[in-house]
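Undergrad: sharing a model that was predicted from the sequence below.
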Amino acid sequence: MKNVIGMVNFHSSPEIPPLTDQRALGSTSFLGRYAFCDFALSNLCNSEISTVGLLVKEHQRSILKHLGSLDFWLTNTKIGKTVVMYNEEAHFSPETNTDLNNIRVNDWLIYDSPASIIVIVPAHLVISLDLRPYIKEHIEKQRKVTFIAKPIDNPSEGYLGSYLFETDEEGNVLSAKRNDGSSHTPALASLGIFIVNRSVLFDAVHDPAAIRARMDVESKLLEVGLIEKRGYVVSRYEGFARYIDSFQHYMDYSLSFLQKKDADEIFKKNWPIYTLTHDSIPAVYGEEARVQNSYVANGAIIEGTVINSIISRKVTIAKGAVVRDSIIFSSARIEQGAKVSNALIDKHAVISAGHTIKGSKNAPIYLKQGGRL
């Protein structure tokens, strides 16, 4: 789509300590192979959007390490491009580190393109979404901004920090408030995906008052929309989505994809999810290995037992070790006779021989990157 630019917004992802202490949520491991931003990038690629900007807030190292050459998510490497958009000034003045200001200092990407439409998507949303019908409707109905939102039953249980919309019968925004978890009534929750006309976005990012107020893009667009009343419309998305807003949800949603029903909602034959590939050897299984209902990535060595778990690349599960209902990040080691249940073991961490780590479904344990127990 030559008239459309896509932007993947790492700014809008929530902080989930301790998981995001050393990485962006968008570049955090998912199912042992992917990062969350793969879904945003793949949706843009599959929707034929060939020019994409990455709105990077911080933790550039983790993001760039995963993205590699940036070519994996381009349908046409000759005309397409993926650009890292980073605000160097914000390194010295963190209070200016907003997505609004990031677009302002990197507005050359828009100036260099004939695109009249910009699509901004979050980096932490697990969804398989064809954006083309929404873009088509946006253009045909001559809207200024289209916000894509999902009906949810109980805002206190999810989509924390996202906007909750009230609309009229035509979808025009009447009110919008942040979801602070206090509401228990059905609502329309923003997915953090919005389609905006070029001129409207330029007005927003070059508003000095919005920059001084440290506003984010979505908040600024809503502020204007609530004044103008028309042309700022919410489009409903009724399909499957997982909005990562807490450590508990990270664990629950990740492990839910061990169920075929959830996996089939995301991994579709006609909608590939692209990711950085590694020249890893296949997983190796010992004679006494037992694996049940689990994801095991290439390069893992499994000699013990793995049940209902996610095992990333280069993980070692030694003889006699047992891993249940857990997520093990790359290059971690579970030594002989160790037992791990309801836990997340971060990269390069070690569970010593004979040691037991036991959390619960509602209170999983976390072992930091490089830690040892």
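TA: Received the coordinates, thanks. Since we're looking at a predicted model, the values are computed, not measured. Residues are numbered from 1 along each chain as shown.

Undergrad: buried sites along stretch 246-262?
TA: 246, 247, 249, 250, 251, 253, 254, 255, 257, 258, 262 (16 or more other Cβ atoms under 10 Å). Bear in mind the C-beta positions are built from the backbone N, C-alpha and C, glycine included.

Undergrad: list just the nearest of those residues to residue 123.
TA: Closest approach between the buried residues of stretch 246-262 and residue 123, by Cβ to Cβ: residue 250, at 13.9 Å.

Undergrad: now do the buried residues in stretch 270-280.
TA: 273, 274, 275, 276.

Undergrad: nearest to residue 103, of those?
TA: Nearest to residue 103 out of these is residue 274 (Cβ to Cβ; 24.6 Å).

Undergrad: residue ranges for the strands of the stretch 101-250 of the chain, please.
TA: 117-122, 125-126, 145-152, 163-167, 173-178, 187-197, 232-236, 242-243 (DSSP state E, counting those that start in this stretch).

Undergrad: contacting residues around the lengthiest helix in the chain?
TA: Scanning the chain for the helix with the most residues, using DSSP state H, yields helix 217-228. The contact list for helix 217-228, computed with Cβ atoms under 8 Å, 6 or more residues apart in numbering, reads 9, 12, 99-100, 103, 120, 144-145, 147, 163, 173-176, 190, 192, 194, 196, 200-201, 203-205, 207, 210, 215, 231-232.

Undergrad: are any of those residues buried, and which?
TA: Neighbour-count burial (16+ other Cβ under 10 Å) applied to the contacts of helix 217-228 gives 9, 12, 99-100, 103, 120, 144-145, 147, 163, 173, 176, 190, 192, 194, 196, 200-201, 204-205, 207, 210, 215, 231-232.

Undergrad: what about residue 32, is that helix, strand or coil?
TA: Three-state call for residue 32 (DSSP: H, G, I helix; E, B strand; the rest coil): coil.

Undergrad: over to residue 281?
TA: Here residue 281 is recorded as coil under three-state DSSP.

Undergrad: quick check on the nearest residue to it once chain neighbours are set aside: phi, psi?
TA: The shortest distance from residue 281 to any non-neighbouring residue, by Cβ to Cβ, 6 or more residues apart in numbering, is to residue 299 (5.9 Å). When quoted as degrees, to the nearest 10, the phi and psi of residue 299 stand at phi 90, psi -10.

Undergrad: show me the contacts for residue 299.
TA: Each residue near residue 299 by Cβ under 8 Å, 6+ apart is listed here: 278, 280, 281, 283, 313, 314, 315.

Undergrad: could I get those as TSV with distance to residue 185?
TA: Converted to TSV, those look like this (distance: Cβ to Cβ, whole Å):
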residue	distance to residue 185
278	46
280	48
281	52
283	46
313	43
314	46
315	43
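
Undergrad: show the buried residues in those.
TA: Applying 16+ other Cβ under 10 Å to these flags 283, 313, 314, 315 as buried.

Undergrad: which one among those gets closest to residue 134?
TA: Using Cβ to Cβ, the buried ones among the contacts of residue 299 come closest to residue 134 at residue 313, 35.0 Å.

Undergrad: OK, contacts around that closest one?
TA: Residue 313 neighbours (Cβ under 8 Å, 6+ apart): 32, 33, 278, 280, 297, 298, 299, 300, 330, 331.

Undergrad: and the two most separated of the residues you listed?
TA: Greatest spacing in the contacts of residue 313, by Cβ to Cβ: 33 and 331 (14.2 Å).

Undergrad: could you check how far the most centrally placed residue in the chain is from residue 130?
TA: Centroid-nearest residue in the chain: residue 124, 1.6 Å away (criterion: Cα atoms, centre = their mean). Residue 124 sits 20 Å away from residue 130, going by Cβ to Cβ, to the nearest Å.

Undergrad: what do you get for residue 21?
TA: Distance from residue 21 to residue 130, counting by Cβ to Cβ: 35 Å.

Undergrad: what about the helices in the protein?
TA: Under DSSP H, the chain gives helices at 37-46, 60-67, 99-105, 108-111, 132-140, 198-205, 208-212, 217-228, 247-256, 260-266.

Undergrad: where does pLDDT dip in this structure?
TA: Applying pLDDT under 70 to the chain flags residues 69-80.

Undergrad: per-domain residue ranges of it.
TA: 4-266, 284-367 (automatic domain parsing).

Undergrad: thanks a lot, catch you later.
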